[in-house]
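> Provide a 3D model corresponding to the input given below.
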Amino acid sequence: MYLFWTDTETTGLDAKVNSLWQIGGALYKDNEVIAEFEGTMCPPKECVIEDRALEVGGITRADLTSFGTQDELYTKFMDWILPFRNKLGKLTIAGWNVGFDKPFIEQFFTRVAGGTAFSQLFYHYTVDPYALARILQIEDAFKCRYGDRPINLKLGALAHWLKIDTSKCKMHSALSDAHLAKQVYTKLKTDFIYTIKGLPKSESSYPPECL
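As a prediction, the model looks like this:
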């Protein structure tokens, strides 16, 4: 099965007024990486830029001005993905909490190429390991607390709990996060679905900070 695992870095949380500034992704066939893409752009002037969002991505407003235009990124992305679209047909988007990223990608396509450009490349449905983790009630097994607040189900924290090596991952880098989301998805399937083991029972299954 072919899936386009993707992630974005954005200038805020609202795709209607904010913009992506980085998109990364990898086309997988099952567990094999077929091709990778990563690109950046300077958001158009009408888009709102929030400093807190840039801090998360580790960049500044000055960094944004050094990137190319959205038209240039769109051309680069289409040159990369169209051969796969022409060979395989429409592709399925996958990613961690991809319901956040998808509207930003759709808006990016719409701003450059119009309202149907996105739907000509991708199906409307997605694959999301975050949603799978919620269905499996991983949060109930996570048991991590900082003071009185339970930890949010974050990609890096779940990867650590699943004993995935993240030493070479660059968190909040779109391509790296896309690959990590794929690893988490595979691990959730093999540990909790295919083997039908259920959730870990022993406290030894939890990382030290959760005990």
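> dump the residue contacts of Ile164.
Leu180, Gln183, Val184, Lys187 (C-beta atoms under 8 Å, 6 or more residues apart in numbering). Just so you know, the C-beta spots here come from the backbone N, C-alpha and C atoms, and that holds for glycine as well.
> One more pass at 6 Å, please.
By C-beta atoms under 6 Å, 6 or more residues apart in numbering, Ile164 lies in contact with Gln183.
> ok but it is inside a strand, no?
No: judged by DSSP: H, G, I helix; E, B strand; the rest coil, Ile164 forms no part of a strand; its state is coil.
> Can you give me the separation between it and Glu106?
Note on Ile164: its distance to Glu106, by C-beta to C-beta, to the nearest Å, is 29 Å.
> what do you get for Thr186?
Per C-beta to C-beta, Thr186 is found 26 Å from Glu106.
> what about the strand or helix carrying Leu27, average pLDDT?
In this assignment (DSSP states H and E), Leu27 forms part of strand 20-29. The average pLDDT for strand 20-29 rounds to 98.
> Pick out the residue nearest the middle of this protein.
Asp7 (3.1 Å; C-alpha atoms, centre = their mean).
> right, and it touches Ser173 too?
No: Asp7 is not in contact with Ser173 according to C-beta atoms under 6 Å; the separation is 8.3 Å.
> Just say helix, strand or coil for Leu153.
Leu153 is classified as coil under three-state DSSP.
> Can you check the pLDDT for it?
So Leu153 comes in at 81 (pLDDT).
> go on, Lys163?
Confidence score, pLDDT, at Lys163: 89.
> Give me the neighbour count for it.
Lys163 sits with 10 neighbouring residues when counted by other C-beta atoms under 10 Å.
> try Leu54
Leu54 - counted by other C-beta under 10 Å - has 19 other residues nearby.
> gap between it and Thr10?
Distance of Leu54 to Thr10, given as C-beta to C-beta: 9 Å.
> one step back: what angle do the helix or strand hosting the residue nearest to the centre of the chain and strand 20-29 make?
For Asp7, the enclosing helix or strand under DSSP H and E is strand 2-10. Strand 2-10 and strand 20-29 are oriented at 160 degrees to each other (axes from the mean of the first three to the mean of the last three C-alpha atoms, to 10 degrees).
> Would you map the strands across this structure?
2-10, 20-29, 32-40, 91-94, 122-127, 145-146, 149-150 (DSSP state E).
> Gln137: which of those is closest?
strand 149-150 (13.1 Å; C-beta to C-beta).
> What's opposite Cys26 in the beta bridge?
I think there's a mix-up here, since residue 26 is Ala and not Cys. Beta-bridge pairing for Ala26 (DSSP bridges): Trp5, Glu36.
> Now for it: which residues touch it?
Trp5, Val33, Glu36, Ala178.
> mind giving me the domain ranges of this protein?
Domain segmentation of the chain under automatic domain parsing yields 2-128, 130-210.
> Could you give the backbone dihedrals for Ile49?
Dihedral pair for Ile49: phi -110, psi 120, per degrees, to the nearest 10.
> Excluding chain neighbours, give the residue nearest to it in space.
Distance criterion C-beta to C-beta, 6 or more residues apart in numbering; nearest residue to Ile49, sequence neighbours excluded, is Thr11 at 4.4 Å.
> Near the nearest residue in space to Met41 that is not next to it in sequence, how many residues? Count them for me, please.
Spatial nearest neighbour of Met41, excluding adjacent residues (C-beta to C-beta, 6+ apart): Leu73 at 4.0 Å. Leu73 sits with 21 neighbouring residues when counted by other C-beta under 10 Å.
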